[in-house]
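S.K.: got a structure for you, letters missing:
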């Protein structure tokens, strides 16, 4: 079970925010590009219930029996199973495919990948997260959509360190530390926003504005 996603669901249960009472952002995402998840939702929800019981015991000072009753009330009142199922489907799809994410996904740790998708769900909601995942493209995206794809990754990873690693793996002849001197994480994030908006040419142009192109080969 993925701890961050469980905590997200537990938090929205206790806050009463897991029911299907939202507007357009809760619309079901397009699923044509999303494979069927093999994630065991029932097993995961058993774990969620246990975490809710523990949270209620700590928060309200109840014994276990009373906390179980309270937890069941919260889950019955606060959980829309379709919403939770969408959360797990998005999560499973992301974790299965994050290595192909254009924002250096091949270099993310599992924890970083988990953090990024949970952050996106928290910020964007289920429907918009699904739409962003299905509609992501290299080039042709609106600035708001591009930012929504890049910012969670920037929050959960060190984009500058990932870029250095990528340059080493690609065998760039210049020293990455020289090339990236004076470059910050926000600059790297800007490059990937340009990638989603303007394609590879936009990425290269944005990166070229910030790299130290005076670095000699073998430096």
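M.R.: Ah, there it is. Owing to the predicted nature of the structure, the values given are computational and were not obtained by experimental measurement.
S.K.: where are the low-confidence patches of the protein?
M.R.: The chain contains residues with pLDDT under 70 at 1-48, 74-84, 219.
S.K.: And what about residue 138, helix, strand or coil?
M.R.: Three-state assignment for residue 138 (DSSP: H, G, I helix; E, B strand; the rest coil): coil.
S.K.: for the strand or helix carrying residue 127, packing partners?
M.R.: According to DSSP states H and E, residue 127 maps onto helix 126-135. Counting contacts by 3 or more C-beta pairs under 8 Å, 6 or more residues apart in numbering; DSSP states H and E, helix 126-135 packs against helix 81-97, helix 110-124, helix 143-156. The way it works is simple: take the backbone N, C-alpha and C, and place the C-beta from them, glycine included.
S.K.: Report the spatially nearest residue to the residue sitting nearest the centre point of the chain, omitting neighbours in sequence.
M.R.: For the chain, the residue nearest the mean C-alpha position is residue 117 (1.9 Å; C-alpha atoms, centre = their mean). In this structure, residue 117 finds its nearest non-sequential neighbour in residue 94, 4.2 Å apart by C-beta to C-beta, 6 or more residues apart in numbering.
S.K.: What's the separation between that neighbour and residue 137?
M.R.: 17 Å (C-beta to C-beta, to the nearest Å).
S.K.: out of these two, which sits in the more crowded spot?
M.R.: residue 94 (21 against 13; other C-beta atoms under 10 Å).
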